[in-house]
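Colleague: Following is a predicted model, sequence given first.
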Amino acid sequence: MLRACLILSILAGLGALGIVQLRVVEKIKGITAERDENAAQRDTANQAASKSKAEAKAAKDSAEKAAQELTVAKADLESSTARLATQEKRANDLFTNLQKSTAERVEAQRELAQWQALGITPDQIKAVQAAAKKATEERDAVEDEKKVLVRNNRQLGVELSRYKGESYKVELPVGLKGKVIAVENKWEFVVLDIGSNQGVMEYGELMVNRNGKLVAKVQVTSVEANRSVANVMADWKQADVQEGDVVFY
């Protein structure tokens with residue numbers, strides 16, 4: 001009886017073990033299938049990622065290429081615009097010169113027609129023009145000489161008045177203006193950058209200004225073509241005269 005029970009127990013254990021093994025096998029098959037499915041999904045995801053990465057790189061390369069092409073196109077456009085502007089300016093200048101040349105030619109033809117109407121030949125016209133130019137030059141020379149004579153006469157008048165002991169104010173050109181280019185404070189005289197060519201005369205008096213303020217008054221003692229020397233007048237001195245100070249009449 002005991003033996004029979006033992007055998008039954010062993011058979012029951014073997015049956016239970018078989019059932020457990022069947023369940024384990026099924027479980028292993030399920031896990032294996034799930035693993036294979038996960039691996040397939042992972043491979044698919046990796047392939048999709050690689051494809052996306054490749055597409056992204058291709059898109060980046062395409063964008064960089066487009067940017068480079070845009071830069072080149074922009075440079076070409078700027079160069080073309082500059083050339084166009086240069087050509088337009090040249091065309092405008094040529095047109096202006098053409099208009100000027102045309103006007104000068106018309107004026108020359110008109111003048112020539114007037115001379116021809118008077119029965120004067122081109123050689124005679126040239127002679128008349130040369131004579132007119134010479135006369136103009138002589139007139140200008142006379143005018144310059146006249147200015148010198150007038151200035152000398154005024155200077156002689158000043159000298160005569162001083163010789164006679166008379167009070168005489170030297171009139172200098174209105175608006176006369178210059179600068180102090182050298183100073184000798186010990187002997188109270190200055191050198192100015194204006195002279196007879198600008199209308200300066202001996203004994204003429206000029207105000208000295210610095211930054212809108214009166215500094216002193218000077219009296220011219222000697223005059224050259226474009227330079228003069230003047231003494232600082234003690235009664236008018238407010239401060240030492242400096243190089244760069246402005247003098248005016």
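Modeller: Right, received. Where do you want to start?
Colleague: Return the helix or strand in the chain with minimum mean pLDDT.
Modeller: helix 122-164 (a mean of 65; mean pLDDT, DSSP states H and E).
Colleague: Now the element after it, going C-ward?
Modeller: strand 177-184 (DSSP states H and E).
Colleague: mean confidence score for that next one?
Modeller: Taken as a whole, strand 177-184 has a mean pLDDT of 95.
Colleague: gap between stretch 102-110 and the chain center?
Modeller: 39 Å (Cα atoms, centre = their mean, to the nearest Å).
Colleague: What is the burial count for Asn214?
Modeller: Wrong residue type there; residue 214 is Leu, not Asn. Using other Cβ atoms under 10 Å, Leu214 has 13 other residues around it. To be clear about C-beta, it is placed using only N, CA and C from the backbone, and glycine gets the same treatment.
Colleague: Equivalent analysis for Lys177, please.
Modeller: Counted with other Cβ under 10 Å, Lys177 comes out at 13.
Colleague: That one and Asp245, how far apart?
Modeller: Going from Lys177 to Asp245 by Cβ to Cβ, to the nearest Å gives 12 Å.
Colleague: SS state for Leu94?
Modeller: Look at Leu94: counting by DSSP: H, G, I helix; E, B strand; the rest coil, its state is helix.
Colleague: From Ser80, how far off is it?
Modeller: In terms of Cβ to Cβ, Leu94 sits 21 Å off from Ser80.
Colleague: element containing the residue nearest to the spatial centre of the chain, please.
Modeller: By Cα atoms, centre = their mean, the chain has its centre lying nearest to Ala82, at 17.8 Å. Secondary structure assignment for Ala82, by DSSP H and E: helix 2-117.
Colleague: just checking, what packs against that helix?
Modeller: Contacts defined by 3 or more Cβ pairs under 8 Å, 6 or more residues apart in numbering; DSSP states H and E place helix 2-117 against helix 122-164.
Colleague: rerun that using 7 Å as the cut-off
Modeller: Using 3 or more Cβ pairs under 7 Å, 6 or more residues apart in numbering; DSSP states H and E as the contact test, no helix or strand touches helix 2-117.
Colleague: average pLDDT across it?
Modeller: 74.
Colleague: could you point out the longest strand in this protein?
Modeller: Selection of the longest strand in the chain by residue count, based on DSSP state E, yields strand 213-223.
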